[in-house]
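1. Below are the sequence and a predicted model; questions follow.
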Amino acid sequence: MKQLSVLVTQKYRPLSIAAILDVFQTVNNYYQESTGKPFFQVTLVTADGPSGTSPFQEEFVTVPMQQAPRADLILIPAFRNGSLPAALQENAPFLPWLQQQHRAGAEVAAFCSGVLLLASTGLLNGKKATTHLAVANELVAAFPQVDVHPQAVVTDDAGIYTSGGATSTFHLLLHILEKYCHREVAIKIAKVFAIDMDRDQQSYFADWQPKRACQDELVSEAQQRMETRFRDGVTVEEVIRDLPVSRRNFIRRFKMATGITPIEYLQRIRIEAAKKLLEQRQENITGVMMHAGYEDAKAFRQVFRKIVGLSPKEYREKYAG
């Protein structure tokens, strides 16, 4: 029997833990019926004691981490929206325990924003990781030694697992079940929970928001011009034509202020505009392309797929209803 520990963190997202426990309870029920015994021994682990535990303790054993058994696999749930900085600070007591368990042979998986707690242990250094698209930039900035792949749904690197946002939790759970149990079990659980097993990227879930260059008035002015004139097919050269800056210096300042190049910024503005039009289904794809500031259909499709992960037609079919 595999020893599975699920962290009951401070500010955990209830849906995240509920999904994890529901899946593993379903797996254990399946094994109980077919073999007479469960496959996983599930333990809820808290940083303190049973007094401050969770509503799940009626069905699962809950222990403080000092009393937790050596785990084969540890799962870190997502955090509630808007709670990330405080959550990382409040859950710092878990870090030495996670490191100790990993040294003793435990594999570790983190889901969605919980990946940042895993990164805080140092166990992700030099390894591939993903997380919710909304906090991917925070992961990159705070943990530069982590090899972040924000478009990925699931990563698996030497026994350290991560998942993207929200429903990507189920895809990582299926991946773990396929490794620990058998593909037949993963397929069975996918059918029980109505999960498509073939999702390999999450780029099309992103709603990109521009980062404002509040400290650099010149860059801020350029951003405003791009957002106002992108439908006219404006180029970077036209944007900065009367600004007191060279092209090379502008690119350097723009990337420092926003994190991306001016060309990437223009592309993202145009693609976000195209996405909104495609969702409304009021224009044909050629009309969408023109409204977004593109004249070359091939270039439009290439940039759209690069950023979104789908073609314009596939995106419309997915979201336009």
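-> Sure, I can see it.
2. Please report the distance of Cys214 from Ile189.
-> When CB to CB, to the nearest Å is applied, the distance between Cys214 and Ile189 equals 47 Å. In short, each C-beta sits where N, CA and C put it, glycine included.
3. And the two? Which one has more around it.
-> When Cys214 and Ile189 are compared for neighbours, Ile189 comes out ahead with 22 against 9, by other CB atoms under 10 Å.
4. OK, contacts around the more buried one?
-> With contacts defined as CB atoms under 8 Å, 6 or more residues apart in numbering, Ile189 is in contact with Val23, Thr26, Val27, Tyr30, Leu173, Leu174, Leu177, Ile195.
5. Determine which two of the residues you listed are furthest apart.
-> Based on CB to CB, the longest span within these runs between Tyr30 and Ile195 and measures 15.5 Å.
6. if we can go back for a sec, buried subset of the contacts of Ile189?
-> In those, burial by neighbour count holds for Val23, Val27, Tyr30, Leu173, Leu174, Leu177, Ile195, counting by 16 or more other CB atoms under 10 Å.
7. and the closest residue to Ile307 other than its chain neighbours, how far is that from Leu243?
-> The spatially closest residue to Ile307, leaving aside those adjacent along the chain, is Ile271, at 4.9 Å (CB to CB, 6 or more residues apart in numbering). The gap separating Ile271 from Leu243 is 25 Å, by CB to CB.
8. do Ala71 as well
-> As judged by CB to CB, Ala71 and Leu243 stand 57 Å apart.
9. Those two: which has the busier surroundings?
-> Between Ala71 and Leu243, counted using other CB under 10 Å, Ala71 has the larger neighbour count: 23 against 13.
10. Tell me where the stretch 1-150 of the chain is predicted with low confidence.
-> 49-58 (pLDDT under 70).
11. mind listing the strands for it?
-> According to DSSP state E, counting those that start in this stretch, the stretch 1-150 of the chain carries its strands in the segments 2-7, 40-46, 61-64, 73-76, 107-111, 128-129, 147-148.
12. Please enumerate residues in contact with the longest one?
-> Where contact means CB under 8 Å, 6+ apart, the residues beyond strand 40-46 that reach it are 1-8, 21, 24-25, 27-28, 52-54, 56-57, 60-65, 68-69, 71, 74.
13. ok, what's across the strand from Thr162?
-> Under the criterion DSSP bridges, Thr162 forms beta bridges with Ala110, Thr155.
14. all helices of the stretch 101-250 of the chain, in order?
-> 115-120, 136-142, 168-180, 183-192, 217-229, 236-239, 247-258 (DSSP state H, counting those that start in this stretch).
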